[in-house]
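Engineer: sharing a model that was predicted from the sequence below.
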2 protein chains.
Amino acid sequence: MKFLLYFLKLVRKNILSRAVIILVGVVVFLLFILEFSKYSSSVNKARYTKKRPDEDLEQYLIFVGGIPRSGTTLMRKMLESHPDIRCGPETHVIPWLLKDHYEWTTSTKEFVRLVEAGVAPHALDNAMAKFILSIIVHHGPPAKYLCNKDPYSLQATTYLHGLFPNSKFILMLRDGRASAHSVISKGITVGNWNIKSYRDVLMHWNDEINNMYKECLTSGPKVCLPVHYEKLVLQPVATTKKIFNFLGIPWCKEVLHHEDHANETKLSAYELSTDQVKKPLYLEGLTKWFGKIPPDVERDMAFIAPMLKILGYNPEERRPKYGEPDDFVLKKLNI
Amino acid sequence: MKFLLYFLKLVRKNILSRAVIILVGVVVFLLFILEFSKYSSSVNKARYTKKRPDEDLEQYLIFVGGIPRSGTTLMRKMLESHPDIRCGPETHVIPWLLKDHYEWTTSTKEFVRLVEAGVAPHALDNAMAKFILSIIVHHGPPAKYLCNKDPYSLQATTYLHGLFPNSKFILMLRDGRASAHSVISKGITVGNWNIKSYRDVLMHWNDEINNMYKECLTSGPKVCLPVHYEKLVLQPVATTKKIFNFLGIPWCKEVLHHEDHANETKLSAYELSTDQVKKPLYLEGLTKWFGKIPPDVERDMAFIAPMLKILGYNPEERRPKYGEPDDFVLKKLNI
């Protein structure tokens, strides 16, 4: 302060004014040069050493899964109607690799061998994460939020969450009888399911959803959200709002009009659910299975598929009501 | 210049000296602050965005492989006796993933599906390379030259070379009759080989070495070097010099004394060849199979295993001479 006052005094006396102006000019020029050199060097650095998005294991990822014919494709389309989200088609190789990993780490002999060789767990986890992330990043265009829909990946929810600590998971749930009818009536190959038999398909459905649901609950409500297909179809407004709240992404009304976007987003001709997604919200999917299940299977339903009850479906009811459509759906149906 | 002279004149007149000194002090202080902030920000950048070695797909890698019981472990030990090379134990997961890749890309239906989903070939190759590199880098200590010995990886030499354009490959070749005898007498499980039958084992040996040898020749002599096990054992000096010349790494005499290093390097107890490597150069492995092959198999040898002849072994000879030991080996044997 004293220095400034002394200066101002000199300036007022008109002795220093010219020198001071020139000096200030020089200082400003030097600062400018320095700032500019800093800026241009950081630009170069950004170009050459910037972390590529596919290398960032900390990034936010969304995984969507569930048993086949449980609305995973509908969920994908709904998410992709949001301008900031990209899922892309099923990659197949991600659940395949997760299955390999399961084999490597659940066989004691193989696992001990991998630990002995320094491969498991650290190097292997690192490699798994890089493979998965690289596929997710590179098999489609960039987006603010990347998502992956490979139904069976949700069998490994806790492991995937370990690899990607900032990831979230959406597990689609659906009345297993409807899924079974869809698989059988369309003749869809699913693993080693015997698709000639409702009993066999429902038992597989039960085992697999039991595992996926456990994985989801173990991960906790902040990490994995179970979503009932029936609610997504009947009350899309409340359900999608709940989903986006869970994801921490702002909801927008576009997600209710996913069918409008069906042509924009690449839907693989090889994905079996593509036929359904192109139609507007379809309620007929809810009831198609009524009366299609053999009487002996219906009789033993609570025993064959105890997960029905756990997930909130009544195994005794042969024509269950899944709830009332909301105003949005009613309006759509009237058109 | 004019400005400076004007200034000096003022200074000389003792009017401005104090003000100038203070001003210069302020400028220097500002410069210091700026430089320091620049320095500390670049330190942070270096720490967080520096390319890690495992991300460099352009790096030099050595792959060692061949049919089981063909000297791949001996080659690994020989290479690891060099102070700049680290191979580490077999990783198992690398050939497993390469087999997955083979299945994904040779089934037309699966491949079309992967292309349709944007996965194959680019995203998949990128993910494959990252997985493999991450395992190689992280399953052992760092070294100037990283090497990987998973015998069956050499079935995919051309593909691996595509992923890692600066990699080199060493394919171990051995008289299939000796390999067959080793597999059968030690009861080693190899894929779906029927290890009760010399005929079956030799037919599998023939098919697999046929494929690996083709892959090696296709890659060209600068990329893949076939090395005869018998030559490595009988004439280690000339053979190792040839290998290091191919690798472009300076040869050193330590590579002749790999048995001295056996305790330093971690040899997995699960690797079947570990028993042999701990002994000094062993010539008995060359002739152990003499008289052990059933007469009907010996009679049909040229038909069962035509690769013998292609690789320079005489299928008609029942007690072949593989060449003379060099001076180094003779000296060792006399001790």
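Structural biologist: Now that the structure is in, tell me what you want to look at.
Engineer: so who does the residue nearest to A:Pro236 when sequence neighbours are not counted touch?
Structural biologist: Nearest non-adjacent residue to A:Pro236, counting by Cβ to Cβ, 6 or more residues apart in numbering or on different chains: A:Leu256, 5.5 Å away. C-betas here are computed from N, CA, C, even on glycine. Listed by Cβ atoms under 8 Å, 6 or more residues apart in numbering or on different chains, the contact partners of A:Leu256 are A:81, A:236-237, A:240, A:328.
Engineer: show me just the buried residues among the residues you listed.
Structural biologist: Among the contacts of A:Leu256, those classed as buried by 16 or more other Cβ atoms under 10 Å in any protein chain shown are A:81, A:236, A:240, A:328.
Engineer: and of these, the nearest to chain B?
Structural biologist: The nearest member of the buried ones among the contacts of A:Leu256 to chain B, counting by Cβ to the nearest Cβ, is A:Ser81 at 19.2 Å.
Engineer: spatially, which residue comes closest to that closest one, not counting chain neighbours?
Structural biologist: Per Cβ to Cβ, 6+ apart, closest to A:Ser81 is A:His258, 4.3 Å.
Engineer: so that neighbour makes contact with A:Glu80?
Structural biologist: Yes. Using Cβ atoms under 8 Å, A:His258 is in contact with A:Glu80, at 7.4 Å.
Engineer: what sits against A:Asn192?
Structural biologist: A:Asn192 neighbours (Cβ under 8 Å, 6+ apart): A:His204.
Engineer: what about it, which SS state?
Structural biologist: Under DSSP: H, G, I helix; E, B strand; the rest coil, A:Asn192 falls in the coil class.
Engineer: for chain B, see how far away it is.
Structural biologist: 17 Å (Cβ to the nearest Cβ, to the nearest Å).
Engineer: who in the stretch 51-200 of chain A is up against chain B?
Structural biologist: Proximity of the stretch 51-200 of chain A to chain B (Cβ under 8 Å from any Cβ of the partner chain) is limited to residues A:51, A:54-55, A:88-93, A:96-97, A:100, A:104, A:110, A:112-114, A:116-119, A:122-124, A:126-128, A:130-132, A:134-135, A:137-140.
Engineer: circling back: B:Cys252: which of the contacts of A:Leu256 is nearest?
Structural biologist: A:Ser81 (63.6 Å; Cβ to Cβ).
Engineer: quick check: that closest one touching A:Lys253?
Structural biologist: No. Assessed by Cβ under 8 Å, A:Ser81 is found out of contact with A:Lys253, at 9.4 Å.
Engineer: who are the contact partners of A:Ile243?
Structural biologist: A:Ile243 neighbours (Cβ under 8 Å, 6+ apart): A:78, A:170, A:225, A:227.
Engineer: of those residues, which is the most crowded?
Structural biologist: The most crowded member of those, judged by other Cβ atoms under 10 Å in any protein chain shown, is A:Met78 (29 neighbours).
Engineer: please point out which parts of whatever helix or strand it lives in sit buried.
Structural biologist: Assigned by DSSP states H and E, A:Met78 belongs to helix A:72-80. For helix A:72-80, burial by neighbour count (16+ other Cβ under 10 Å) applies to A:72-80.
Engineer: in CSV: these, plus pLDDT and distance to B:Ile310.
Structural biologist: Shown next, in CSV, are the buried residues of helix A:72-80 (pLDDT from 0 to 100; distance: Cβ to Cβ, whole Å):
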residue, pLDDT, distance to B:Ile310
A:Thr72, 96, 52
A:Thr73, 94, 52
A:Leu74, 94, 57
A:Met75, 96, 56
A:Arg76, 96, 52
A:Lys77, 94, 56
A:Met78, 95, 59
A:Leu79, 97, 56
A:Glu80, 95, 55
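Engineer: neighbours of A:Ala302, how many?
Structural biologist: 12.
Engineer: looking at this, A:Phe63 is in a strand?
Structural biologist: Yes. The assignment for A:Phe63 by three-state DSSP puts it in a strand.
Engineer: wait, it touches A:Phe169, no?
Structural biologist: Yes. Counting by Cβ under 8 Å, A:Phe169 is a contact partner of A:Phe63 at 4.8 Å.
Engineer: okay, and the common contacts of these two?
Structural biologist: A:154, A:157, A:160.
Engineer: measure the last one to chain B for me?
Structural biologist: Pointing back at A:Leu160 there. Taking Cβ to the nearest Cβ, one finds A:Leu160 at 15 Å from chain B.
Engineer: so that residue belongs to a strand, correct?
Structural biologist: No. Read with three-state DSSP, A:Leu160 is helix and lies in no strand.
Engineer: these two touch, right, it and A:Phe169?
Structural biologist: Yes. Assessed by Cβ under 8 Å, A:Leu160 is found in contact with A:Phe169 at 7.4 Å.
Engineer: so what's in contact with the two at the same time?
Structural biologist: Joint contacts of A:Leu160 and A:Phe169 (Cβ under 8 Å, 6+ apart) are A:Phe63.
Engineer: need phi/psi at A:Met172.
Structural biologist: The phi and psi values for A:Met172, taken as degrees, to the nearest 10, are phi -80, psi 130.
Engineer: bridged to it, which residues?
Structural biologist: A:Gly66, A:Val227 (DSSP bridges).
Engineer: quick one: it and A:Ser70 touch, right?
Structural biologist: Yes. With contact defined as Cβ under 8 Å, A:Met172 reaches A:Ser70; the gap is 4.4 Å.
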